[in-house]
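> Structure of the sequence below:
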Amino acid sequence: MRKKIYLFLILTSMCFTKSIFGCSIVYISPNAVSPGDTVLIKIIADFVHCGNYSQAGFIEPIGYDTLYYDDFEIINDTLAQVLITIPANLPYSEVEFFICNTNYWDNKHKTCLTIGSKTTVYKPNLCMVTVDSLNKNMVIWSPPSIENIDSVIVYKETSTINDFKPIETVKADKLYFIDTLSEPAQNSDRYKIEMKDKSGSETLMSDIHKTIHLTINAGLGGVWNLLWDNYEGFQYSSYKILRGTSDGNLIEIAERPTNTNSYSDLHPPVETLYYQIEVLSPSQCNIENLKSINSSYASTRSNMVNSDQSNYIDSKSERGVKIWPNPFDNKLYVRLEDMSEMAELSILTLEGKVVINELIDEFNTEISTASLNRGFYVIRLCNSTKIIIQKLIKR
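Predicted structure coming up:
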């Protein structure tokens, strides 16, 4: 919280005053001081008749241990002042401010200083951020535990680290927000929230939560490599790797500790595969009014990737040669921009068996692959000067 300095020269708030031994003491204290503020309190009194003060005073929250001992600065016979810093973690409370004479505990004069309000010292709980079924970021928060909360302001980090800007204000009882402008497949995002009550007072900011960003690429021999970044916002012990043959049918295939951010699926099925990373939350997030089958969230998930998105094989293995698509179905296309001589095209299994062999003597050639089973293949294109080899997938 940003530190602020208050200077009060007139009476603004006071629990009570007391006059003894001819003292006429008035405590000047501000209204709605927030935790973390630095406050200059001025005390007006007839110090000539108050006796000798060896202890300036201290702040003691009601029901809490003493927090501060601060010496007064005696300005003159009628004015003293003390600079105090309110602890940042102090809960909503009326704080007793004491001034003691030489007998210390005898004849204490006291008044109360209200620290914050239930709203201004309340810290909302951002339960989690995740990626929904439409591949958009979803921000979920817990119901506020104080009354009169009216709305939630959702903040998103800009391109500058720790620079957050508000992107939406929603009703607090909705308990979630979907960032339709997010692109989870492109990058992860960080969010935080604050709440506002019906009078316009704002709470503290929540903790920051960050989504998981997952990418996929292919290795040799049909291996799929997964890379992801960390989730931020709560403690967790592992990542679960999910895989399926459709985006609605994923199962756990592995679990990795939090000090790793990669996984290679060495023996995947030969078809289009979908992957996601999952992290279990220490507490479940419930959205009772969400009109969806899933209204309880016990884990956060990354964006979903599939093997068709992978850069498994570049269709351009060399300038002037293009082979596409990959993965392919029943047709494969070859373009040779340099047709100074014919080229021989062969498609082989991973075991080296030739299943298709043709001579290419045109700029564009269509190859029928309907006879091939689903799986991994090697295509070899050669003439008298060069040999091009790359791997393909029949789906």
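
> which ones are touching Lys171?
150-152 (CB atoms under 8 Å, 6 or more residues apart in numbering). Every residue, glycine included, has its C-beta placed from N, CA and C.

> Export the residues you listed to TSV and append columns for secondary structure.
Shown next, in TSV, are the contacts of Lys171 (DSSP: H, G, I helix; E, B strand; the rest coil):
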residue	secondary structure
Asp150	strand
Ser151	strand
Val152	strand
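
> top of the residues you listed by neighbour count?
Neighbour counts for those (other CB atoms under 10 Å) peak at Val152, which has 26 neighbours.

> Just send the contacts of Lys171 back as a markdown table, with distance to Leu350 and pLDDT too.
Shown next, in a markdown table, are the contacts of Lys171 (distance: CB to CB, whole Å; pLDDT from 0 to 100):
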| residue | distance to Leu350 | pLDDT |
| --- | --- | --- |
| Asp150 | 63 | 94 |
| Ser151 | 59 | 96 |
| Val152 | 54 | 97 |
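
> Any stretches of the chain with poor pLDDT?
1-33, 42-72, 80, 89-116, 220-221, 288-295, 309-320, 338-340 (pLDDT under 70).

> let's see 50
1-22, 24-25, 27-29, 31, 54-56, 100-108, 293, 311-317 (pLDDT under 50).

> circling back to that earlier point, and which of the contacts of Lys171 is nearest to Asp265?
Using CB to CB, Val152 is the member of those that lies nearest Asp265, at 39.2 Å.

> can I get the contacts of Lys171 in JSON lines with distance to Pro184?
Formatted as JSON lines, the contacts of Lys171 follow (distance: CB to CB, whole Å):
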{"residue": "Asp150", "distance to Pro184": "30"}
{"residue": "Ser151", "distance to Pro184": "25"}
{"residue": "Val152", "distance to Pro184": "21"}
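
> just those residues now: which is nearest Met138?
With CB to CB as the yardstick, the closest approach to Met138 among those comes from Val152, at 13.7 Å.

> Could you give the bridge partners of the closest one?
Residues in a beta bridge with Val152, per DSSP bridges, are Val170, Met195.

> what sits against it?
Applying CB under 8 Å, 6+ apart, the residues near Val152 are 124, 141, 169-172, 174, 177, 193-196.

> go on, Thr119?
146, 148-149, 195, 197, 199, 201-203.

> Identify the bridge partners of Asp179.
With DSSP bridges as the rule, Asp179 is bridged to Asn137.

> Touching, it and Asp189? I think so.
Yes: the criterion here is CB atoms under 8 Å, and Asp179 meets it with Asp189 at 7.3 Å.

> Quickly list what's touching both of these two.
Counting by CB under 8 Å, 6+ apart, the residues touching both Asp179 and Asp189 are 137, 156.

> re the thing from before, next step: the contacts of Thr119 restricted to strands.
149, 195, 197 (DSSP state E).

> could the residues you listed go into TSV alongside distance to Glu157 and neighbour count?
Output for the ones in strands among the contacts of Thr119, formatted as TSV (distance: CB to CB, whole Å; neighbours: other CB atoms under 10 Å):
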residue	distance to Glu157	neighbour count
Ile149	24	22
Met195	19	23
Asp197	25	21
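
> and the residues you listed as TSV, adding distance to Ile161?
Listed next are the ones in strands among the contacts of Thr119 as TSV, based on distance: CB to CB, whole Å:
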residue	distance to Ile161
Ile149	29
Met195	24
Asp197	30
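
> and of those, the nearest to Arg380?
Distances from Arg380 to these, taken by CB to CB, are shortest for Met195, at 63.9 Å.

> From what I see, the closest one and Asp173 are in contact.
No: between Met195 and Asp173 there is no contact under CB under 8 Å: 11.1 Å.

> so Asn137 makes contact with Leu181?
No: contact status for Asn137 versus Leu181: not in contact, 9.0 Å apart, counting by CB under 8 Å.

> more neighbours, those two?
For Asn137 and Leu181, the more surrounded residue by other CB under 10 Å is Asn137, and the numbers stand at 22 against 10.

> For the more buried one, which residues are in contact?
With CB under 8 Å, 6+ apart, Asn137 has these contacts: 129-131, 178-179, 182, 184, 189, 191, 211.

> Of those, grab the buried ones for ChimeraX.
To isolate the buried subset of these in ChimeraX, counting by 16 or more other CB atoms under 10 Å, use the following:
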select :129,130,131,179,182,184,189,191,211
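
> could the contacts of Asn137 be laid out in CSV, adding secondary structure and distance to Pro257?
Formatted as CSV, the contacts of Asn137 follow (DSSP: H, G, I helix; E, B strand; the rest coil; distance: CB to CB, whole Å):
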residue, secondary structure, distance to Pro257
Val129, strand, 22
Thr130, strand, 21
Val131, strand, 22
Ile178, strand, 31
Asp179, strand, 29
Ser182, coil, 28
Pro184, coil, 24
Asp189, coil, 24
Tyr191, strand, 26
Thr211, coil, 20
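
> Please identify which of the contacts of Asn137 is nearest to Thr369.
Pro184 (34.0 Å).

> measure the closest one to Ile277 for me?
11 Å (CB to CB, to the nearest Å).

> shared neighbours, the two?
Common neighbours of Pro184 and Ile277 (CB under 8 Å, 6+ apart) are Ser302.

> Can you pull the domain assignment for this protein?
5-115, 118-312, 321-394 (automatic domain parsing).
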